[in-house]
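K.L.:
turn this into a structure:
(one chain, ligands or ions: 2)
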Amino acid sequence: MKYKAVIFDLDGVICHTDRYHYLAWKQLADKIGIYFDESINNRLRGVSRMESLEIILEQWKGTSFTEEEKIGLAEEKNAIYKELLKQMTEKDLSIEVKDTLERLRKSGILLSIGSSSKNAGFILERIGLTGFFDAISDGNNITKSKPDPEVFLLAAQYLKTEPGDCLVVEDARAGIDAAAAAGMGSAAIGDALGYSLADYNLKEFKELIEICGVVS
Ligand code: BG6
Ligand code: MG
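P.N.:
Ligands and ions are numbered 1, 2, ... in the order given. Down below sits the predicted model:
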């Protein structure tokens, strides 16, 4: 087998919560009167909540916010986001993603989440994947978000696997950078497609089966 472990980003890879992140930030930005669009949103992929807020506030022309106000704004966005997440069900996990995960698991490859989100556990619960992964490395156990490799190195540690034996699947360029910094292989999907640092480009999620050398 080419890789012993696959580490999946969550938002925009396993499910389309990236859309809900956008809608929640947009609602907050509209409320306080800050310009926000899809291209700014793409810069938030893989970036922590507070760092995302800082990127959004680059458009702010008024008096700067205090640290306390910033925390309040991030909490407000998270409340909107969590309300949106409540709509999610097992149907938000596509059959292709589910089948691919199951085939990888059957072949003996270890599977982990490597996400900057503090909501990863809640999202996995919504889509029926609680307890499925061999490890979860997420926004609750890291001190630095992507492009820092910490989240992926911790996942490899939890899986007791060498970084060089891991493949990361990412929709964020910052995540592909993090995988490279961790010494791991990387497969780009969605917004990260075509990024030169990625080892593979996934037009379809199921291409992972072949990349990992799984024989049926
Ligand atoms: C990442 C998303 O997975 O999680 C980012 O790509 C997001 O856009 C980050 O900012 C933090 O998410 P949360 O759920 O902790 O606010
Ligand atoms: Mg993502």
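
K.L.:
ranges for the helices of this structure?
P.N.:
Ranges of helices in the chain, per DSSP state H, are 17-32, 38-42, 49-57, 67-85, 95-106, 120-126, 150-159, 173-182, 207-211.

K.L.:
distance to ligand 2 for the ones you listed - can I get that in CSV?
P.N.:
From N, CA and C alone the C-beta is placed, and that goes for glycine too. Formatted as CSV, the helices of the chain follow (distance: least, C-beta to the ion, whole Å):
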stretch, distance to ligand 2
helix 17-32, 6
helix 38-42, 10
helix 49-57, 12
helix 67-85, 14
helix 95-106, 14
helix 120-126, 11
helix 150-159, 11
helix 173-182, 6
helix 207-211, 16
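
K.L.:
need those helices in TSV (columns: mean pLDDT).
P.N.:
Below are these laid out as TSV (pLDDT from 0 to 100):
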stretch	mean pLDDT
helix 17-32	97
helix 38-42	95
helix 49-57	97
helix 67-85	98
helix 95-106	98
helix 120-126	98
helix 150-159	98
helix 173-182	98
helix 207-211	97
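
K.L.:
for these, which one sits closest to residue 191?
P.N.:
Distance to residue 191, taken as C-beta to C-beta, is lowest for helix 38-42 among those, at 5.5 Å.

K.L.:
what's the closest one packed up against?
P.N.:
In this structure, helix 38-42 packs against helix 17-32, with contacts taken as 3 or more C-beta pairs under 8 Å, 6 or more residues apart in numbering; DSSP states H and E.

K.L.:
rerun that using 10 Å as the cut-off
P.N.:
Other elements packing on helix 38-42 under the criterion 3 or more C-beta pairs under 10 Å, 6 or more residues apart in numbering; DSSP states H and E are helix 17-32, helix 49-57.

K.L.:
name the nearest residue to residue 43, ignoring sequence neighbours.
P.N.:
Using C-beta to C-beta, 6 or more residues apart in numbering and skipping residues adjacent in sequence, the residue nearest residue 43 is residue 55, 5.5 Å away.

K.L.:
can you redo the helices and strands packed on helix 38-42 as a markdown table with distance to residue 145 and mean neighbour count?
P.N.:
Compiled in a markdown table, the helices and strands packed on helix 38-42 are given as follows (distance: least, C-beta to C-beta, whole Å; neighbours: other C-beta atoms under 10 Å):
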| stretch | distance to residue 145 | mean neighbour count |
| --- | --- | --- |
| helix 17-32 | 14 | 18 |
| helix 49-57 | 6 | 18 |
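
K.L.:
and the helices of the chain: which comes nearest ligand 1?
P.N.:
Among the helices of the chain, the nearest to ligand 1 by C-beta to the nearest ligand atom is helix 49-57 (3.7 Å).
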